[in-house]
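Colleague: missing the sequence, but the structure's below:
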């Protein structure tokens, strides 16, 4: 088993935090059934960005980069989907 | 001047998108003066994560990683600050 150095652990922790950060937002959006204050533009740009990070990770053969960004894409995609559902079912303006 | 290859451009575009994604959220929060649906937990975890990415970028001597994550930290920090201000000035529950 390869030994982890300080940099690996730092990168792993950083990736873990920026990935799991979307869990409290998903839980909050699910519980309140509202995402009016959550920016549509932010989630569209962010999801496009993490999808490019997935391709980048695949190209540089970095499994941690691919895994972290696939999970982030799924979490952010769920938040965006909930925002779209709640906006259309309450006839609010999408923005 | 070093020539940019496909991977450099891919990484640059990915970093640009996941960084500028926070601008529409900041603009929206500023305009609506409300960030009730924005998760406190998400922004705390995310800011901690991008701060670790800054240290990681510094350690691996990657200027693009440092620059992208410093900008993201500032943008996400502004959104978190606005959320705290709007929550306390309207006597709402912080969560």
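Modeller: The structure has been received and is ready for your questions. These numbers were taken from a predicted model, which means no experiment stands behind them.
Colleague: quick one: pLDDT of the spatially closest residue to residue A:49 that is not a sequence neighbour?
Modeller: Nearest in space to residue A:49, with sequence neighbours left out and distances taken as Cβ to Cβ, 6 or more residues apart in numbering or on different chains, is residue B:17 at 3.1 Å. Heads up, the C-betas are built off the backbone N, CA and C, glycines and all. Each residue has a pLDDT score; the one for residue B:17 is 97.
Colleague: got the contact list for residue B:17?
Modeller: With contacts taken as Cβ atoms under 8 Å, 6 or more residues apart in numbering or on different chains, residue B:17 has the following neighbours: A:45-46, A:48-49, A:52.
Colleague: Tell me how far residue A:82 lies from residue B:83.
Modeller: 19 Å (Cβ to Cβ, to the nearest Å).
Colleague: Next: residue A:11.
Modeller: Separation of residue A:11 from residue B:83 (Cβ to Cβ): 28 Å.
Colleague: And residue A:9, by the same measure?
Modeller: Taking Cβ to Cβ as the measure, residue A:9 and residue B:83 are separated by 30 Å.
Colleague: Centre-most residue in chain A?
Modeller: Central residue of chain A (Cα atoms, centre = their mean): residue A:72, 3.0 Å from the mean position.
Colleague: Now do the SS call for that residue.
Modeller: Per DSSP: H, G, I helix; E, B strand; the rest coil, the secondary structure class of residue A:72 is helix.
Colleague: surely it meets residue A:49?
Modeller: No - at 9.4 Å, residue A:72 and residue A:49 do not qualify as touching, with contact defined as Cβ atoms under 8 Å.
Colleague: Find the residue ranges of chain A scoring beneath the pLDDT cut-off.
Modeller: Under the criterion of pLDDT under 70, the regions of chain A flagged as low confidence span A:1-2.
Colleague: What ranges does it have for its helices?
Modeller: Assigned helices in chain A, in chain order: A:6-20, A:22-32, A:40-59, A:63-89 (criterion: DSSP state H).
Colleague: if you skip the residues just before and after it, what's nearest to residue A:63?
Modeller: Nearest non-adjacent residue to residue A:63 (Cβ to Cβ, 6+ apart): residue A:57, at 7.6 Å.
Colleague: and that neighbour, what does it touch?
Modeller: A:63-66, A:68-69.
Colleague: Same list (the residues you listed) but as a markdown table, adding neighbour count.
Modeller: Conversion of the contacts of residue A:57 to a markdown table gives the following (neighbours: other Cβ atoms under 10 Å in any protein chain shown):
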| residue | neighbour count |
| --- | --- |
| A:63 | 9 |
| A:64 | 13 |
| A:65 | 20 |
| A:66 | 18 |
| A:68 | 23 |
| A:69 | 26 |
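Colleague: That's all I had, so thanks and see you.
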